[in-house]
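Trainee: I would like the atomic coordinates for the input below:
(one chain, ligands or ions: 1)
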Amino acid sequence: MKKVRIFADRNLTAGEISPRLFGSFLEHLGRAVYEGIYEPTHPTADENGFRRDVLALVKELGVPVVRYPGGNFLSGYDWKDGVGPKEHRPTRLDLAWHTTETNEFGTDEFMKWCRAANIEPMMGVNMGTGTVKSAAELVEYCNHAGGTYLSDLRRANGAEKPYGVRLWCIGNEMDGPWQIGHLTAEEYGRKALEAAKVMRWTNGEGANVPSPNKPLELVVSGSSNHEMDTFPEWDRVVLENTYEHVDYLSMHRYYEYDPGRPLEDFFGAADDMKEFIGTLGATIEYVRAKVRSKKRVHISFDEWNIWTQSAPRTEDIWKRAPHLLEDVYTFRDTLVFAGLMNTLINSCDVVKIGCLAQLVNVIAPISTKKGGKALRQATFYPFRYLANSCRGVALYTLSESDTFASRYGTARTVNEAITFDEREGSITVSLCNYGAEAREVELELRSFGELKAIEYQELAGCALSAVNTFDRPEAVVPHAKELPVVKDGRMMLSLPPMSWSFLKLSQK
Ligand code: AHR
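Mentor: As a prediction, the model looks like this:
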């Protein structure tokens, strides 16, 4: 069996893990909201129309923050359409996805759902058809205590106390020609700067007296992926315009399996994502030096996933909540997905927010049937285990893994992330084996003192195309393995071919 040695030391930390790294994303797209989280006629619906079965799965997944309401949808959305008595809300065309939006669910419903799910809202403001004014007005609606038209409107709509939303995305994928109201980097940079300033002023910041509200955390729209012709110039120009006024630069990336190409090209995704993060991190540092700033801007990786693009269907046009982007995730997808999670964890010094795109039905770990059950897709499992366990810091790892060639360059056959939670005295290890043969891993964690393994799960042995379905919901699930013997912080782990393993250790 091929051998791999992996070494980590408690003093060699790669960065602190923000819990927001394990966030997700809900867009008004297909059945993400309608029939996803919200279905008033569903047998499990609560008094707000929220599906309790979906809420339970969202909690199990361990998602701390959710970005809303888009996505491409955001760039044509007027948030005022989605507040107030439902019978007065207008039905509109959604030009991003060519569907019909009834606005039955809007900002107030989202805030209530976040409370029910114990989730922090991450709101987006429209920079496509929207203006600096409409962005600031949404901040006023959400965060101003009362006594003004918009804050009193919120109170009249049932929310006496302000929502105190801290995280705001200034637009979505504004570099993309597919975006409603697409702008050049210079145009967007200028507009985002003004939006940021005025949103902060509306929140009571910048008045030379302390604001009654906590400062906003603002995300400026970065490159939609690193294959854009404008990457990384877009990011440089946008940041040069906004650096002192924002806190995060967003990045997005989806990977897709192409059956016409070698499997290695798909399995190399985790290392490619690492390179993308590295380039954006370097761009941020370049701008920081150029504008002579002491402040650190971090990355909000607020859309990432596997997404197999399919052609739109004529019968879906202008439908309300059609079945769009309902990818069914295979075991093969899940192996790549776990590697992407490893990359996010290993990049936690610079990536402080991560949003798995998306949460329910639309390229999501949770699928629902109208009036029926909710299902954990295969990708649900690596997310659930890692989001609920990776706390504290990520550790640098020294690995002697063999490598393979992919379209992105050289990638490691065994891809790992190791985290240490000092408060709990626990270590989490996530290992992907992309090899067609088993690997024996010698894991050395001597600096932690005496350790014992407390949980060992393995996702392996499925056909690459295996999926979970409503009829066979447990076709791709991890299985508990016999705990490894740990001696002097060393242990041997045997990784089956094409597998993901999750190991949790505790300091004795
Ligand atoms: O998540 C699906 C879409 O992907 C989002 O609407 C958009 O931001 C991205 O292109």
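Trainee: From here on, just use CA atoms for contacts and neighbour counts.
Mentor: Fine.
Trainee: Which residues are in contact with the residue in the stretch 51-200 of the chain that the ligand sits nearest to?
Mentor: Of all residues in the stretch 51-200 of the chain, Gly71 sits closest to the ligand, at 3.3 Å by CA to the nearest ligand atom. By CA atoms under 8 Å, 6 or more residues apart in numbering, the residues touching Gly71 are 27, 172-173.
Trainee: Repeat the analysis, applying 7 Å as the threshold.
Mentor: Residues in contact with Gly71, defined by CA atoms under 7 Å, 6 or more residues apart in numbering, are 27, 172.
Trainee: What pLDDT is listed against it?
Mentor: pLDDT recorded at Gly71 is 97.
Trainee: separation between it and Phe380?
Mentor: Counting by CA to CA, to the nearest Å, the gap from Gly71 to Phe380 is 21 Å.
Trainee: again, but for Leu451
Mentor: From Leu451 to Phe380 the distance is 28 Å (CA to CA).
Trainee: Then Ser75?
Mentor: Ser75 is 29 Å from Phe380, by CA to CA.
Trainee: Then His42?
Mentor: 23 Å.
Trainee: Around the ligand, pick out the residues from the stretch 51-200 of the chain.
Mentor: Within the stretch 51-200 of the chain, the positions adjacent to the ligand are 70-72, 172-173 by CA under 6 Å from any ligand atom.
Trainee: who wins for neighbours among the residues you listed?
Mentor: With neighbours taken as other CA atoms under 10 Å, the top of these is Asn172, carrying 31 neighbours.
Trainee: what about Leu21, which SS state?
Mentor: Using DSSP: H, G, I helix; E, B strand; the rest coil, the three-state assignment for Leu21 comes out as helix.
Trainee: Give me the pLDDT value at it.
Mentor: 98.
Trainee: model confidence over the helix or strand harbouring Ala116, on average?
Mentor: Assessed by DSSP states H and E, Ala116 sits inside helix 107-117. Across helix 107-117, pLDDT averages out at 98.
Trainee: Sheet partners, orientation included, of the very next helix or strand once past that helix?
Mentor: Once helix 107-117 ends, the next helix or strand along the chain (criterion: DSSP H and E) is strand 120-125. Strand 120-125 pairs in its sheet with strand 65-68 (parallel), strand 167-170 (parallel), by DSSP bridges.
Trainee: For those, give me TSV that also has mean neighbour count and mean pLDDT.
Mentor: Below are the strands paired with strand 120-125 laid out as TSV (neighbours: other CA atoms under 10 Å; pLDDT from 0 to 100):
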stretch	mean neighbour count	mean pLDDT
strand 65-68	26	98
strand 167-170	25	98
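Trainee: which one of those strands lies closest to Ser506?
Mentor: Ser506 lies closest, by CA to CA, to one member of the strands paired with strand 120-125: strand 65-68, at 27.5 Å.
Trainee: In this structure Tyr248 contacts Arg296, no?
Mentor: No: the pair Tyr248 and Arg296 does not pass the contact test of CA atoms under 7 Å, sitting 8.8 Å apart.
Trainee: Could you tell me which residues touch both of the two?
Mentor: Counting by CA under 7 Å, 6+ apart, nothing touches both Tyr248 and Arg296.
Trainee: Between the two, which has more neighbouring residues?
Mentor: Tyr248 (28 against 15).
Trainee: ok, that one - contacts?
Mentor: Per CA under 7 Å, 6+ apart, neighbours of Tyr248: 218-220, 297-300.
Trainee: Now a PyMOL select for only the buried ones of these.
Mentor: A single PyMOL command is used to select the members of those judged buried by 16 or more other CA atoms under 10 Å:
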select buried, resi 218+219+220+297+298+299+300
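Trainee: is it possible to export the contacts of Tyr248 to a markdown table including pLDDT, distance to the ligand and secondary structure?
Mentor: Below are those laid out as a markdown table (pLDDT from 0 to 100; distance: CA to the nearest ligand atom, whole Å; DSSP: H, G, I helix; E, B strand; the rest coil):
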| residue | pLDDT | distance to the ligand | secondary structure |
| --- | --- | --- | --- |
| Leu218 | 98 | 17 | strand |
| Val219 | 98 | 14 | strand |
| Val220 | 98 | 13 | strand |
| Val297 | 98 | 21 | coil |
| His298 | 98 | 19 | strand |
| Ile299 | 98 | 16 | strand |
| Ser300 | 98 | 13 | strand |
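Trainee: contacts for the strand or helix carrying Trp304?
Mentor: Following DSSP H and E, one finds Trp304 within strand 298-306. Outside strand 298-306, the residues within contact range by CA under 7 Å, 6+ apart are 247-256, 333, 337, 350-357.
Trainee: What is the next helix or strand after it packed up against?
Mentor: For strand 298-306, the succeeding helix or strand toward the C-terminus, using DSSP H and E, is helix 331-346. Helices and strands touching helix 331-346, by 3 or more CA pairs under 7 Å, 6 or more residues apart in numbering; DSSP states H and E, are helix 269-290, strand 298-306, strand 414-421.
Trainee: right, and those - which one's nearest Gly392?
Mentor: Gly392 lies closest to strand 414-421 among the helices and strands packed on helix 331-346, at 4.3 Å (CA to CA).
Trainee: the more surrounded of His42 and Phe380?
Mentor: Just comparing His42 and Phe380: by other CA under 10 Å the higher neighbour count belongs to Phe380, 22 against 19.
Trainee: Work out the sheet partners of the one helix or strand in the chain whose mean pLDDT sits lowest and label each with its direction, please.
Mentor: When the helices and strands of the chain are scored by mean pLDDT, DSSP states H and E, strand 409-412 comes last with a mean of 94. Next to strand 409-412 in the sheet, as set by DSSP bridges, lie strand 403-406 (antiparallel).
Trainee: Mind checking the pLDDT average for the strand it pairs with?
Mentor: Averaged across strand 403-406, the pLDDT comes to 96.
Trainee: For burial, what's the neighbour tally of the nearest residue to Val336 once chain neighbours are set aside?
Mentor: Leaving aside its sequence neighbours, Val336 sits nearest to Phe267 (CA to CA, 6 or more residues apart in numbering; 5.8 Å). Residues near Phe267, counting by other CA under 10 Å, number 32.
Trainee: just the one 4 residues further on next, same as before
Mentor: Counted with other CA under 10 Å, the neighbours of Asp271 add up to 20.
Trainee: for the nearest residue to Pro473 once chain neighbours are set aside, which residues make a bridge with it?
Mentor: Counting by CA to CA, 6+ apart, the nearest residue to Pro473 once its immediate chain neighbours are dropped is Leu375, at 6.7 Å. Beta bridges link Leu375 to Ser367 when assigned by DSSP bridges.
Trainee: Leu375 contacts Lys369, doesn't it?
Mentor: No: using CA under 7 Å, Leu375 is not in contact with Lys369; the gap is 8.6 Å.
Trainee: and these two? which has more neighbours close in?
Mentor: Between Leu375 and Lys369, counted using other CA under 10 Å, Leu375 has the larger neighbour count: 24 against 14.
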